[in-house]
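Visitor: Show me how the following folds:
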Amino acid sequence: MNSISLVTARYLSARLPFYYGWVVVFAAGSTVFARMAPSVFVLGIFVSPIAEEFGWSRTLIAGAVSVGAIASMFLSPVVGWAVDRYGSRVILTVSMLVLGAAVTSLAWATTPLFFYMGFATGRIIFHVPVQIGSGAVVSRWFIVRRGRAIGLMYLAGAVGGIFCLQVASIAISLVDLAAAWIALGITVLAVSVFPSALLIVDRPEDIGLRPDGLTSGPADVDSGPATVELPEQTSWQEVDWTLRDAMRTKALWVLVVVVGALFMIQAGVSVHVGAFYQDRGLGLTVVASAISINGAVSAVGSLAWGAVIERTPVRWAMTFLMVLSTVSTMLLLTVHSLVAAFFVSAVIGVVAAGGNVIPPVAYASYFGRRSIGSIRGIGETGVQIGQTIGPVLSGLAFDLNGSYLAAFLTFAAIALLCACGMSLSGPPRFPSLTAMART
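Guide: Below you'll find the model as predicted:
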């Protein structure tokens, strides 16, 4: 299959009027689109219907997200190593097959055990192979235009979130829960398997190209630092860190903690936001529309954040994002009407877009391309710890107090603390070089 993808890539690259890296972005984007089937936003539509049909508590339902995150913590370093060793194409193709089967199986999950098995498996795919594999392969194809490329990839994810949300909402309303899960499983398989298997090539050098399609730049990521010529006739150096060296830097661990906190807040809000809006008197159709606005804003925001992160130092972009996370969480407490729900969902969508785009660009900008899979594998553990804590914290707050107030106030305070910490952190310093990748 690898030889088929290489032949296909060489054939298309020779005939396309644009750089083949954009085809890789499309193929990787198809997996990011499909991974939204078990996203926390889509689960938000299922929470109330599942609770009513099976009598499960919201904490029990949200626990499936946490179980998937816990399992992902142990698998992230392994999958990161596998992406570097075997390539993103293999990892992503197999992952899409597993994801399609796992989501479809939820149609028959009428006990908590089987629900946890199916949904947690989907969450593992969501968290680990797709997140690491897609980001790694796009980061290897682009350096100068990395922000825009990753922004486009997550645009596909935002569109996927809207599509899956609407599919689930319509199927639940017109048929039942089982039909909704089957429709989502079919969507995963139809959209993502063939693009990832046939179009992804792991490095531009594999088909005789260079990152960004430039005529000068790093000829081989294994050969060490190399200068990339920018259109403005300026240059910068990309330094390829090993995993061991990266783990010795404070910058890596600051990113792990701050990004983990961001996703803790995101998961803690997103899993429950559908039920929260319904508690505030909004109907299921209105809630689906509000969450869809989140996705639409996230789609546009992905492109905007991609442009921003190419021009803004990582720490300032991340600091602003955490401040915005504080604001969006506090704004949830003001929702009592349709207009307020739509506005707050839009702000949350801006935060979600930044959370998708900034971290993969940050890791690649700080630590280079060669070991990006392994480094992201370590970095994603912070995300999974956060996503383990967030949904359960919100669920417990509601089950104990009948309100999400305590959870949302806690999230806002954590985001503000992380903004302060990130503003004081700079890029890592490579021991043997003074010129660092632009951040």
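Visitor: Which residue ranges of the stretch 151-300 of the chain form helices?
Guide: Under the criterion DSSP state H, counting those that start in this stretch, helices of the stretch 151-300 of the chain are mapped to 177-199, 243-247, 250-279, 284-309.
Visitor: can I get those in TSV with mean pLDDT and mean neighbour count?
Guide: Every C-beta, even on glycine, is put in place using the N, C-alpha and C of the backbone. Output for these, formatted as TSV (pLDDT from 0 to 100; neighbours: other CB atoms under 10 Å):
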stretch	mean pLDDT	mean neighbour count
helix 177-199	94	21
helix 243-247	85	17
helix 250-279	86	24
helix 284-309	81	21
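Visitor: Which one of those helices lies nearest to residue 356?
Guide: When the helices of the stretch 151-300 of the chain are compared by CB to CB, helix 284-309 sits nearest residue 356, at 6.2 Å.
Visitor: Could you give me the buried positions within the next helix or strand after the closest one?
Guide: For helix 284-309, the following helix or strand on the C-terminal side (DSSP states H and E) is helix 314-332. For helix 314-332, burial by neighbour count (16 or more other CB atoms under 10 Å) applies to 314-315, 317-326, 328-332.
Visitor: centre of the chain versus helix 314-332, how much separation?
Guide: Its chain's average C-alpha position is 17 Å from that of helix 314-332, according to CA atoms, centre = their mean, to the nearest Å.
Visitor: Just the CA coordinates for it, please, in CSV.
Guide: The C-alpha trace of helix 314-332 is given here as CSV (Å, rounded to 0.1, in the frame of the first residue of the first chain):
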residue,chain,number,x,y,z
VAL,A,314,4.0,31.3,20.5
ARG,A,315,3.8,32.5,24.1
TRP,A,316,1.8,35.6,23.3
ALA,A,317,-0.7,33.8,21.1
MET,A,318,-1.1,31.1,23.8
THR,A,319,-1.4,33.7,26.6
PHE,A,320,-4.2,35.6,24.7
LEU,A,321,-5.9,32.3,24.1
MET,A,322,-6.0,31.4,27.8
VAL,A,323,-7.4,34.9,28.6
LEU,A,324,-10.1,34.4,26.0
SER,A,325,-10.8,31.0,27.6
THR,A,326,-11.4,32.7,30.9
VAL,A,327,-13.8,35.2,29.3
SER,A,328,-15.8,32.5,27.4
THR,A,329,-16.2,30.4,30.5
MET,A,330,-17.5,33.3,32.6
LEU,A,331,-19.8,34.4,29.8
LEU,A,332,-21.6,31.0,30.0
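Visitor: OK, contacts around residue 44?
Guide: 270-275, 287, 291 (CB atoms under 8 Å, 6 or more residues apart in numbering).
Visitor: Can you tell me the element it falls in?
Guide: Assigned by DSSP H and E, residue 44 falls in helix 40-54.
Visitor: Next, the angle from that helix to helix 250-279.
Guide: Here the directions of helix 40-54 and helix 250-279 differ by 40 degrees (axes from the mean of the first three to the mean of the last three CA atoms, to 10 degrees).
Visitor: Helix 40-54: how far from the chain's middle?
Guide: That offset, for helix 40-54, works out to 22 Å (CA atoms, centre = their mean).
Visitor: Give the buried residues for that helix.
Guide: For helix 40-54, burial by neighbour count (16+ other CB under 10 Å) applies to 40-50.
Visitor: Going by distance to residue 194, which of these wins?
Guide: Using CB to CB, residue 42 comes nearest to residue 194 of the buried residues of helix 40-54, at 22.9 Å.
Visitor: And the pLDDT at the nearest residue to that closest one once chain neighbours are set aside?
Guide: Excluding the flanking residues, the one nearest residue 42 by CB to CB, 6 or more residues apart in numbering is residue 164, at 5.0 Å. At residue 164, the pLDDT value in this model is 91.
Visitor: How about the contacts made by the residue positioned nearest the centre of the chain?
Guide: The centre of the chain sits closest to residue 356, judged by CA atoms, centre = their mean, with a distance of 4.7 Å. With contacts defined as CB under 8 Å, 6+ apart, residue 356 is in contact with 150, 154, 157, 298, 302, 305.
Visitor: please redo it, this time with the cut-off set to 6 Å
Guide: residue 154 (CB atoms under 6 Å, 6 or more residues apart in numbering).
Visitor: Which helix or strand contains it?
Guide: Using DSSP H and E, residue 356 maps to helix 338-367.
Visitor: Please point out which parts of that helix sit buried.
Guide: Using 16+ other CB under 10 Å as the test for burial, helix 338-367 gives 338, 340-367.
Visitor: Excluding chain neighbours, what is closest to residue 309?
Guide: Spatial nearest neighbour of residue 309, excluding adjacent residues (CB to CB, 6+ apart): residue 147 at 4.4 Å.
Visitor: Surely that neighbour touches residue 360?
Guide: No: counting by CB atoms under 6 Å, residue 147 does not reach residue 360; the two are 9.6 Å apart.
Visitor: Quick one: list the elements packing against the helix or strand harbouring residue 22.
Guide: Element membership for residue 22 (DSSP H and E) is helix 21-34. The contact analysis (3 or more CB pairs under 6 Å, 6 or more residues apart in numbering; DSSP states H and E) places helix 21-34 against helix 129-141, helix 146-174, helix 177-199.
Visitor: any chance of these in JSON lines, plus distance to residue 425?
Guide: Shown next, in JSON lines, are these (distance: least, CB to CB, whole Å):
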{"stretch": "helix 129-141", "distance to residue 425": "21"}
{"stretch": "helix 146-174", "distance to residue 425": "20"}
{"stretch": "helix 177-199", "distance to residue 425": "35"}
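Visitor: mind checking which of those helices is nearest residue 245?
Guide: Ranking the helices and strands packed on helix 21-34 by their distance to residue 245 (criterion: CB to CB) puts helix 129-141 first, at 17.7 Å.
Visitor: on contacts alone, who are the packing partners of the closest one?
Guide: Secondary-structure packing of helix 129-141 (3+ CB pairs under 6 Å, 6+ apart): helix 21-34, helix 58-86, helix 88-105, helix 146-174, helix 372-401.
Visitor: Give the burial count for residue 383, as a bare number.
Guide: A total of 28 residues lie near residue 383 under the criterion other CB atoms under 10 Å.
Visitor: what sits against it?
Guide: Counting by CB under 6 Å, 6+ apart, residue 383 touches 260, 263.
Visitor: And it, what's its pLDDT?
Guide: Predicted confidence (pLDDT) for residue 383: 84.
Visitor: Distance check, the residue nearest to residue 50 when sequence neighbours are not counted against residue 157.
Guide: Among residues not flanking residue 50 along the chain, residue 61 sits closest, at 5.7 Å (CB to CB, 6+ apart). Per CB to CB, to the nearest Å, residue 61 is found 23 Å from residue 157.
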